[in-house]
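Colleague: make a model of this:
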Amino acid sequence: MSTIEARLAELGVTLPDAPAPAANYVPFVVVGNLVHISGQISQTAAGLTKGKLGADMTVEAGAEAAKSCAISLLAQLKKACDGDLSRLVRAVKLVGFVNSTADFTDQPKVINGASDFLVAALGDAGRHARSAVSAASLPLGVAVEIEGIFEIR
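Modeller: Residues are numbered from 1 along each chain as shown. Below you'll find the model as predicted:
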């Protein structure tokens, strides 16, 4: 078990199998020492986390949805690293999309759910550059979608 997986276990998180793509794309592309991971939608073992921030979902619930996206990002990363998360050097960048009303302005607080989780799980290697933007709608009605770039060895 890698140090990262031990830390995840301490946090009570077990990585799921990497989700399969829902359309005509690949879940990740490795270019040199960078892994570009396609957008991961908010979902747990119980199913999709749907909602619209500013209408029927709280910021706290949105942050939990973002955390679930970060867990899926790590699952994809593990697959990209042939099961060896010890190859991770650092998280480089996240781009977070929040399904929200036109007047909702707390997108950064929602995406903090992913950012805070990555720092908790990866330590300083989890610190990253980031964008957090609003979307009028997201696939399947989910609350959050996040894509990521990670450096590996």
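Colleague: gap between the biggest helix by length in the chain and the chain center?
Modeller: When the chain is parsed with DSSP state H, its longest helix is helix 59-80. Offset of helix 59-80 from its chain centre (CA atoms, centre = their mean, to the nearest Å): 3 Å.
Colleague: and that helix, what does it pack against?
Modeller: strand 28-31, strand 34-41, strand 43-44, strand 88-99, helix 107-122, strand 144-152 (3 or more CB pairs under 8 Å, 6 or more residues apart in numbering; DSSP states H and E). Quick note: C-beta positions are derived from backbone N, CA and C, even for glycine.
Colleague: give me the distance between the nearest residue to residue 120 once chain neighbours are set aside and residue 122.
Modeller: Nearest residue to residue 120, sequence neighbours excluded (CB to CB, 6 or more residues apart in numbering): residue 11, at 6.2 Å. Plainly put, residue 11 is 11 Å away from residue 122 if you go by CB to CB, to the nearest Å.
Colleague: out of those two, which sits in the busier spot?
Modeller: residue 122 (22 against 12; other CB atoms under 10 Å).
Colleague: just checking, that one touches residue 5?
Modeller: No. With contact defined as CB atoms under 8 Å, residue 122 does not reach residue 5; the gap is 11.3 Å.
Colleague: which residues touch residue 26?
Modeller: residue 38 (CB atoms under 8 Å, 6 or more residues apart in numbering).
Colleague: how about a cut-off of 7 Å?
Modeller: Counting by CB atoms under 7 Å, 6 or more residues apart in numbering, residue 26 touches no other residue.
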